[in-house]
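Asker: everything below, folded, please.
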Amino acid sequence: MNRKLLIRDLTLRDGQQSAFATRMNQSQVDRVLPFYKEANFYAMEVWGGAVPDSVMRFLNENPWDRLEKIHHAVGDVSKLTALSRGRNLYGYAPYPDEIIDGFFKNAVASGLNIMRIFDALNDVNNVKSSVKYIKKYGGMAGLFGRKKAVESSVTYEPVFTNDYFLNKAKEMRALGADMITIKDMSGLIPPSRVAQLISLFKRELDVPIDFHTHCTPGFGLGAVLTAIMHGVDVVDTVIWNFAGGPAAPALELIYIFCQKLGIEMDVNMEAVAKINEELLKIRQELDKYDAVKQFPNPFNPLTDSLPEEVDQQFDRAIAAVKNEDEEALLQACHAIEAYFGFPAPDEQVKNAEIPGGMYTNMVAQLKQFNALEILPEAMKLIPSVRRDAGLPPLVTPTSQIVGAQAVNSAMNQKNGRPKYANPSNQFVALVKGEYGKTPVPVDPEFRFQIAGTREEMEYDTSTYKRQDNPTLEEYGGVRLAKDEKEELLMELFPAVATGFLRKLRQEEWNAKQAEKALLATAAVVKDTQPVDEVVGHRVTSPMYGTILEVLVKVGDSVKKGDNVVILEAMKMENEIATEVAGKVHRIFVTEGEIVKDGAPLVEIV
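Answerer: Down below sits the predicted model:
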C-alpha cells in the first residue's frame, strides 16, 4: 500500500487571515462549504486565531455561529480544528481553569474536534489546562512547538536547538498531546533544518507529526516538500487562490509532488477545484483587504498539463531533497512559484527575521509619533530587547510586546532618555514572569529595574475578576451576555464583545418592538457641534482599533504628552497622547467604539 499523507486545509482560517486580514464573512464561507463536504480533507482549520475577534470586530457576526454552521455543513467528513494560546486562550492575561473549562466545553459542543494549542514562550506549564479540558470533552489536543529559525544576533549559547524542540515535544506528549505540530509562524525554517527536525521527531515520538509554515521569505514550498520526504504525517496547505505569499503553500503543488513520489493524499481534487473557482470570486470581493494583490495563474492539476521545463523543476526539487542540496531545492521551488505567478520571496521579512504583523504594528506605532525615520533603529533594538526579556519566541503576544518596546526604546534614546524609561505594562509583566518561564532566565537586576522585583513572579489567577454582565434597561432589562457562550466572548474579548453584544441586544430589542407594532425606539442624537467643524487641535487615531478607555473629560486641562485615550489595536493597548496643552473641548468617541485610522478622538483648545 502506498504511503498516505494527511492534509490539513487552512484556507478558511489561517489562509484568509494571512492574506485578507480575516475579512471573509459567513455568506462567503457558506458558498464553499458544500464542496468542502466532498473534498475529504483530514482536517479543516476554521476557527481560533484571529477569527473569533475579527468576525465580531469587523463583520458584526457571532464567532460561535461560524463554528456551528461549518460543522452543520461539513459534518464528520473532516475534523474541524482551531488555534488557541494555552492559558491565555485569546487574551493577554492567563485565565483561571473555570474559564478554560467553559471555553472548551462549548467549543467541542459547537463542533470543534481538534484544538491546536501553543504557548508564546513554549512554556509547557501554560498548556496543561487546555490539554486537560479539550480531552475532558472528547476533543483532540494538537500541541505546537513554536519555532524561530534563526537565533538573535546577541551573543549567547544557542538556545533553540533540535534537542530543545524535541524535549518540548516530549513534555507535550507526556501531557497527553494527540499530535505534535512544528509550527513556523514566519516561514523562517530552511528546508535543511526541517529535515533534521522531522527525522528526529519521527524517530523519538509515537504520535503523528504535523508541519506548518508560510511562504513569505521563500522557504515554504521547499520546506513542506522536505517534510513530506522525511516522513511527516500531516502537512498544512491552502487552496490555490488563497495560497502562497504570506499564506502556506498551495495544496495543488503538493498534490503534484505527491503524484511524483507515489504518495496518496486521499483528497477529492475535483471538489477542491470547485472550491478554488469560488475562492477566485471571493478574493475579488475582498480586494481592499488583499495584502498581496497578485493572483496566481489559473491552474487545475487534474486537467492542465505542465510545460516540460516546469515539470522538470518538480523533479529537480525532489532530487535536491534526496541529495541534501538546499540551494538547488530553493531554486527549483522558486522557479515553480514564479511560473504560476505566486509572490516572490519577501527579502525584508527574511532579513528582519520577524513576523510580518509585528513589523506592521511597529510602523503604525511610529506613525502615531510622526517618527517613521527611527524605524531602522527600532529594528536594530529588537535583538537586545528580546534578549533582555528572556529571549521569547516572536509570536503573538510576545512579538507585539517586544516590537512595541523596541519602538519605545528607540524613541527614548532619540530624546536622550534611558532605553527602558517607559516600559509598557505588557513588557513589565513579561519580564516579571507573569506570562510564564522564558527560554533564557531574565537577569534579576534587569527584572528589578523594570518590575521592581528580583524574584520571578507568576501571574496569580486567583485574583482574576470576571467581566461585568450589566442589565440593559434600555433593551427591556436583558443581560448584555445572555448565555454562557456570550459570557465567554466577554471574558476573552472584553472590548470587542461589549460593543458587539450591545449592538446585538439592540437589534433584538428593535425587532421585538417592530413585531409587537410598538413605536420605534427614538434615535439618540448627540448634541454636539458638527464633527467637521474644527475648533482646536484634534488628537486622531493612528490606526484602526477599539476604544478601551477615555482618560479625560470635557473641561479637563491637559499638558503636552498627556495620554487622553487608550486604543486597542492589533491586540495591543496603545496610549494615545495629545501633542498640545490646553483644555478638552470635545470628545468624539466612547468606550467600546471602533474607530478608523485618522478618526478624531479628542479636541483640545
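
Asker: what segments of the stretch 251-400 of the chain are strands?
Answerer: Taking DSSP state E, counting those that start in this stretch to define them, one finds no strands in the stretch 251-400 of the chain.

Asker: hey, where'd the helices end up in it?
Answerer: Along the stretch 251-400 of the chain, the segments classed as helices by DSSP state H, counting those that start in this stretch run 251-261, 269-285, 308-322, 326-340, 347-352, 356-368, 375-388, 398-414.

Asker: the third one to helix 251-261, inter-axis angle?
Answerer: I take that to be helix 308-322. Following axes from the mean of the first three to the mean of the last three CA atoms, to 10 degrees, one obtains 70 degrees for the angle between helix 308-322 and helix 251-261.

Asker: who's in contact with helix 308-322?
Answerer: The contact list for helix 308-322 (CB atoms under 8 Å, 6 or more residues apart in numbering) reads 191, 195, 222, 225-226, 229, 256-257, 260-261, 306, 325-326, 328-329, 331-333, 335-336, 339. C-beta coordinates here come from the backbone N, C-alpha and C atoms, glycine included.

Asker: only whichever of these are buried, select them in ChimeraX.
Answerer: A single ChimeraX command selects the buried members of these (16 or more other CB atoms under 10 Å):
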select :191,195,222,225,226,229,256,257,261,306,325,326,328,329,331,332,333,335,336,339
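
Asker: sorry, back to before: nearest to Ala169, out of the helices of the stretch 251-400 of the chain?
Answerer: Nearest of these to Ala169, taken as CB to CB: helix 398-414 at 20.1 Å.

Asker: helix or strand right after that closest one?
Answerer: helix 425-432 (DSSP states H and E).

Asker: flag every buried residue along that next one.
Answerer: For helix 425-432, a neighbour-count test (16+ other CB under 10 Å) marks Gln426, Phe427, Val428, Ala429, Leu430, Val431, Lys432 as buried.

Asker: so the second one touches Asp388, yeah?
Answerer: Spelled out, it's Phe427. No: at 9.5 Å, Phe427 does not count as touching Asp388 under the criterion of CB atoms under 8 Å.

Asker: ok, Ile558 touching Val552?
Answerer: Residue 558: Val, not Ile. Yes: using CB under 8 Å, Val558 is in contact with Val552, at 6.3 Å.

Asker: please enumerate the shared neighbours of the two.
Answerer: In contact with both Val558 and Val552: Val564, Val584, using CB under 8 Å, 6+ apart.

Asker: wasn't Gln196 part of a helix?
Answerer: Yes: the assignment for Gln196 is a helix, going by DSSP: H, G, I helix; E, B strand; the rest coil.

Asker: angles on the backbone of the nearest residue to Val292 once chain neighbours are set aside, please.
Answerer: Leaving aside its sequence neighbours, Val292 sits nearest to Gly245 (CB to CB, 6 or more residues apart in numbering; 4.5 Å). Backbone dihedrals for Gly245, given as degrees, to the nearest 10, come out at phi 60, psi -130.

Asker: from Gln294, how far out is Gly245?
Answerer: Relative to Gln294, Gly245 is positioned 7 Å away (CB to CB, to the nearest Å).

Asker: list residues touching both of the two?
Answerer: Phe342, Pro343.

Asker: tell me the confidence at the residue nearest to Val238 when sequence neighbours are not counted?
Answerer: Using CB to CB, 6+ apart and skipping residues adjacent in sequence, the residue nearest Val238 is Gly15, 3.9 Å away. pLDDT recorded at Gly15 is 94.

Asker: got a list of what Gly15 touches?
Answerer: Gly15 touches Val238, Ile239, Phe242, Ala243, Ala247, Ala248, counting by CB under 8 Å, 6+ apart.

Asker: go on, Val207?
Answerer: Going by CB under 8 Å, 6+ apart, Val207 touches Arg173, Ala177, Asp178, Met179, Ile180.

Asker: adding secondary structure, neighbour count and pLDDT, write those out as TSV.
Answerer: Formatted as TSV, the contacts of Val207 follow (DSSP: H, G, I helix; E, B strand; the rest coil; neighbours: other CB atoms under 10 Å; pLDDT from 0 to 100):
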residue	secondary structure	neighbour count	pLDDT
Arg173	helix	17	92
Ala177	coil	23	90
Asp178	coil	16	93
Met179	strand	24	94
Ile180	strand	24	94
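
Asker: next up, the contacts around Phe369.
Answerer: Neighbouring residues of Phe369 by CB under 8 Å, 6+ apart: Met411.

Asker: try the one 3 residues further on
Answerer: Leu372 makes contact with Val363, Leu366, according to CB under 8 Å, 6+ apart.

Asker: what pLDDT does it get?
Answerer: At Leu372, the pLDDT value in this model is 87.

Asker: and the helix ranked longest in the chain, how far out from the chain middle?
Answerer: With secondary structure taken from DSSP state H, the chain has its longest helix at helix 494-515. With CA atoms, centre = their mean, to the nearest Å as the basis, helix 494-515 stands 27 Å off its chain's centre.

Asker: renumber starting at 51 from here on
Answerer: Shifting the count to begin at 51 puts that one at helix 544-565.

Asker: with just CA atoms, put that helix into CSV.
Answerer: Provided in CSV are the C-alpha atoms of helix 544-565 (Å, rounded to 0.1, in the frame of the first residue of the first chain):
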residue,chain,number,x,y,z
PRO,A,544,-13.9,42.3,26.5
ALA,A,545,-13.5,45.4,24.4
VAL,A,546,-14.8,44.0,21.2
ALA,A,547,-17.5,41.7,22.6
THR,A,548,-19.0,44.6,24.7
GLY,A,549,-19.8,46.6,21.6
PHE,A,550,-20.8,43.6,19.5
LEU,A,551,-23.2,42.2,22.2
ARG,A,552,-24.7,45.6,22.9
LYS,A,553,-25.5,46.1,19.2
LEU,A,554,-26.9,42.6,19.1
ARG,A,555,-29.2,43.2,22.1
GLN,A,556,-30.3,46.5,20.4
GLU,A,557,-31.1,44.7,17.2
GLU,A,558,-33.1,42.1,19.1
TRP,A,559,-35.0,44.7,21.0
ASN,A,560,-35.8,46.7,17.9
ALA,A,561,-37.0,43.6,16.1
LYS,A,562,-39.2,42.7,19.1
GLN,A,563,-40.7,46.1,19.2
ALA,A,564,-41.4,46.1,15.5
GLU,A,565,-43.0,42.6,15.8
